[in-house]
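**Q** Sequence and computational prediction follow.
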Amino acid sequence: MTKKKRYILLALLIFLTTFNPELPLLKLGFFIIKTVNVSGSKNIDAEKIKKQFNFLINTSILSIDNNKMNEIVSHNEWIHFININKKFPSVVNINIVEHEPLLIWKKGNNNLIITNQFTLVEKFNLVNFSNQIQAKGNLDIQDLKSLYNALNDNNFDLSNIVSFDFISSERWDLFLKGNKKIMLGRYDYNQQIINLNKILIQLKDEKFTYIDLRLKNKIFVK
């Protein structure tokens, strides 16, 4: 290879490794975001969240700032994740997927939403969730998650639950429709719910006030 060809190849290599095709395109006005559409918000103020994503206007559709996008998501309690669709040359569509509300947690004088991902939402309109199942007491979220999963995994009728009451470090009370109470101990939730389902089948046509499973290997019904 001649010296001239070496210089040409070297110059070409430097050009290919340092050239940013985006820069001249931006200068010419190509691939500049002009429209940002935001959809999917049910519990977030639509106008407020759209304004947060408007930072994208007049930036390149080729290189969206993911750090900034993640920052917006992390600062909005309702947002689970977002889907981004680019419509070239200048439109970005953002679809918000929100957490689903699971329980209203009455923690002292405060009301919080526990989502289906067992995250917490502090800012919401309580009136909109007046029919939500409640949780009460100074509970531990992970402990509640274990109990809820045991109920769900064993096909317990969750729609029949009015509230989860954390009574003490040794006890949960589940209040069911019809003013019925289930007392559970802080041990092997899965086995307790299996036993509970069997008892409820046996008591299907009978009236009862409470079922007490707090003690291992002992069940009391009244």
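**A** Nice, thanks for sending it over.
**Q** tally of neighbours for L174?
**A** Look at L174: counted by other CB atoms under 10 Å, it has 22 neighbours. The way it works is simple: take the backbone N, C-alpha and C, and place the C-beta from them, glycine included.
**Q** where exactly do the strands run in the protein?
**A** 35-39, 79-87, 91-98, 101-107, 110-115, 120-121, 134-136, 161-168, 171-176, 180-185, 210-213, 220-221 (DSSP state E).
**Q** Ok, which of those comes nearest N128?
**A** Minimum separation from N128 across the strands of the chain (CB to CB) falls at strand 101-107, 9.0 Å.
**Q** Mind jotting down where the helices sit in the chain?
**A** Assigned by DSSP state H, the helices in the chain fall at 3-18, 22-27, 46-53, 66-74, 141-153, 189-202.
**Q** Report the central residue of this structure.
**A** With the centre of the chain defined as its mean C-alpha position, the nearest residue by CA atoms, centre = their mean is H99, 3.4 Å away.
**Q** so who does the nearest residue to it once chain neighbours are set aside touch?
**A** Nearest non-adjacent residue to H99, counting by CB to CB, 6 or more residues apart in numbering: T115, 3.6 Å away. T115 makes contacts with H80, H99, E100, P101, L102, V121, as judged by CB atoms under 8 Å, 6 or more residues apart in numbering.
**Q** What's the separation between T115 and K218?
**A** 35 Å (CB to CB, to the nearest Å).
**Q** try S41
**A** 50 Å.
**Q** Between the two, which is the more surrounded one?
**A** S41 (20 against 8).
**Q** Where does the prediction get shaky in this protein?
**A** Along the chain, segments meeting pLDDT under 70 span 1-30.
**Q** Go again with 50.
**A** The chain contains residues with pLDDT under 50 at 7-19, 21-22, 25, 27-28.
**Q** Now do the same contact list for the nearest residue to N190 once chain neighbours are set aside.
**A** Distances taken as CB to CB, 6+ apart put A150 closest to N190, at 4.6 Å, once the chain neighbours are dropped. A150 makes contact with Y189, N190, Q192, I193 under the criterion CB under 8 Å, 6+ apart.
**Q** switch the cut-off to 6 Å
**A** Y189, N190, I193 (CB atoms under 6 Å, 6 or more residues apart in numbering).
**Q** Return a ChimeraX selection command for the buried portion of the residues you listed.
**A** Per 16 or more other CB atoms under 10 Å, the buried members of the contacts of A150 correspond to this ChimeraX selection:
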select :189,193
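**Q** between the contacts of A150, which is closest to G178?
**A** I193 (18.7 Å).
**Q** re earlier: which of the contacts of T115 count as buried?
**A** Using 16+ other CB under 10 Å, the buried ones in the contacts of T115 are H99, P101, L102, V121.
**Q** In JSON lines: these, plus distance to I61.
**A** JSON lines is the format used below for the buried ones among the contacts of T115 (distance: CB to CB, whole Å):
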{"residue": "H99", "distance to I61": "28"}
{"residue": "P101", "distance to I61": "34"}
{"residue": "L102", "distance to I61": "37"}
{"residue": "V121", "distance to I61": "32"}
